[in-house]
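Student: Next comes the sequence, and after it the predicted model I'd like to discuss.
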Amino acid sequence: MEITFANKRALVTGAGKGIGRATALALARCGAEVVGATRTQADLDSLLLECPSIKPVCVDLSDWEATDAVLKDIGPVDLLVNNAAFPALQPFLEVTPDMFDISFNTNVKAPLHVAQIVARGMKARGTGGSIVNVSSQASQCALKDHAVYCATKGALDMLTRVMALELGPYQIRVNSVNPTVVMTDMGRLGWSDPEKARTMTSRIPLGRFAEVEDVVNAILFLLSDKSAMTNGVTLPVDGGFLAC
Ligand code: NDP
């Protein structure tokens, strides 16, 4: 199955590292004009060295006003990947208000806000579009020390469904991918300990964590016309973890 994004403009958040970076590069390889947004300039510099056609945007997406300021002149966007997230790891009894706020601001409020900006443009142009929110298996399964992270991803899944409901009439599709652990910087934070990693892989029928490419391929599928009738789904990329 060949997927091309010629004549499409894509915005990827969290494009500096991990899944977001790989998604931005894959979209560019598939012919899209890509805008990559993240908050660390050094990551954007190295991304541009790897792919000079990517348009960089440096912003802390948890800051509503700063996001408005940088995205207002971004131009038409056909494809949005809401990928940036904050990985709060705290036992439930030790959850702090600042961790709660930064997590919800980054993982829920920012995707909502970026999608509002992008979808208003899609609606005004009447061209439709596709939005993929990067959620997690943690949205649907309790994980120790992940209370706030799980809560943000559960909220993101429901946001995906309501967005699909309200934006569908404008031919804007909204779906999420829900990966299991991927050994990016974020994945290593929680799952580097081999003993702990085994407790997770033993619950994944395929017996392994996901690779970055597994997630990127699912994102590309949901962005593309190959999924033209798919709207409002939360697609596990989890080797069967959520099926058990
Ligand atoms: P990484 O930590 O490797 O990369 C996240 C990227 O998002 C970084 O470039 C980071 O920038 C950026 N980012 C974070 N906060 C902000 C912000 N406020 N404003 C702008 N950019 C920001 O994470 P992954 O690639 O692993 O994760 C990508 C997505 O996949 C996330 O939504 C995550 O929840 C989800 N996911 C990841 C899993 C995993 O095991 N890795 C499993 C399931 C889901 P900086 O480094 O400068 O902070």
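Tutor: Great, that's in hand. Residues are numbered from 1 along each chain as shown.
Student: Ser130 belongs to a helix?
Tutor: No. Under DSSP: H, G, I helix; E, B strand; the rest coil, Ser130 falls outside any helix and is assigned strand.
Student: Confirm for me that it is in contact with Gly168.
Tutor: No. Ser130 is beyond contact range of Gly168, at 11.5 Å (criterion: CB atoms under 8 Å). Quick note: C-beta positions are derived from backbone N, CA and C, even for glycine.
Student: any residues in contact with both of those two?
Tutor: Taking CB atoms under 8 Å, 6 or more residues apart in numbering as the criterion, Ser130 and Gly168 both touch Val174.
Student: Next, see if stretch 100-111 gets close to the ligand.
Tutor: Yes. Stretch 100-111 comes into contact with the ligand (CB under 6 Å from any ligand atom), by way of Thr106.
Student: mind listing what's buried in that stretch?
Tutor: Of all the residues in stretch 100-111, those buried under the rule 16 or more other CB atoms under 10 Å are Phe100, Ser103, Phe104, Asn105, Thr106, Asn107, Val108, Lys109, Ala110, Pro111.
Student: Which secondary structure state is assigned to the fifth one?
Tutor: In other words, Thr106. Classified using three-state DSSP, Thr106 is helix.
Student: can you pull the pLDDT of it?
Tutor: Looking at Thr106, its pLDDT reads 98.
Student: any chance you could map the strands in the chain?
Tutor: 9-13, 33-38, 55-58, 79-82, 129-134, 172-179, 234-237 (DSSP state E).
Student: who does the third one touch, helix- and strand-wise?
Tutor: In this case it means strand 55-58. strand 33-38, helix 41-50, helix 64-71 (3 or more CB pairs under 8 Å, 6 or more residues apart in numbering; DSSP states H and E).
Student: So for Asp185, which of the ones you listed sits nearest?
Tutor: When the helices and strands packed on strand 55-58 are compared by CB to CB, helix 41-50 sits nearest Asp185, at 10.7 Å.
Student: which parts of that closest one are buried?
Tutor: Neighbour counts over helix 41-50 (16+ other CB under 10 Å) mark Asp43, Leu44, Leu47 as buried.
Student: now the angle from the longest helix seen in the chain to strand 129-134?
Tutor: Longest helix in the chain, counting residues (DSSP state H): helix 147-167. Between helix 147-167 and strand 129-134, the angle comes out at 170 degrees (axes from the mean of the first three to the mean of the last three CA atoms, to 10 degrees).
Student: Just the CA trace of stretch 52-63, in PDB.
Tutor: Taking Å, rounded to 0.1, in the frame of the first residue of the first chain, the C-alpha atoms of stretch 52-63 are listed here in PDB:
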ATOM      1  CA  PRO A  52      16.000  21.100   5.300                       C
ATOM      2  CA  SER A  53      12.500  21.400   3.800                       C
ATOM      3  CA  ILE A  54      10.800  21.200   7.200                       C
ATOM      4  CA  LYS A  55       9.600  24.500   8.500                       C
ATOM      5  CA  PRO A  56      10.500  24.900  12.200                       C
ATOM      6  CA  VAL A  57       8.400  26.400  14.900                       C
ATOM      7  CA  CYS A  58       9.800  26.800  18.400                       C
ATOM      8  CA  VAL A  59       7.100  27.100  21.100                       C
ATOM      9  CA  ASP A  60       6.100  25.700  24.400                       C
ATOM     10  CA  LEU A  61       2.700  24.300  23.500                       C
ATOM     11  CA  SER A  62       1.500  24.300  27.100                       C
ATOM     12  CA  ASP A  63       1.500  28.100  26.800                       C
END
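Student: For it, what is the distance to the chain centroid?
Tutor: 14 Å (CA atoms, centre = their mean, to the nearest Å).
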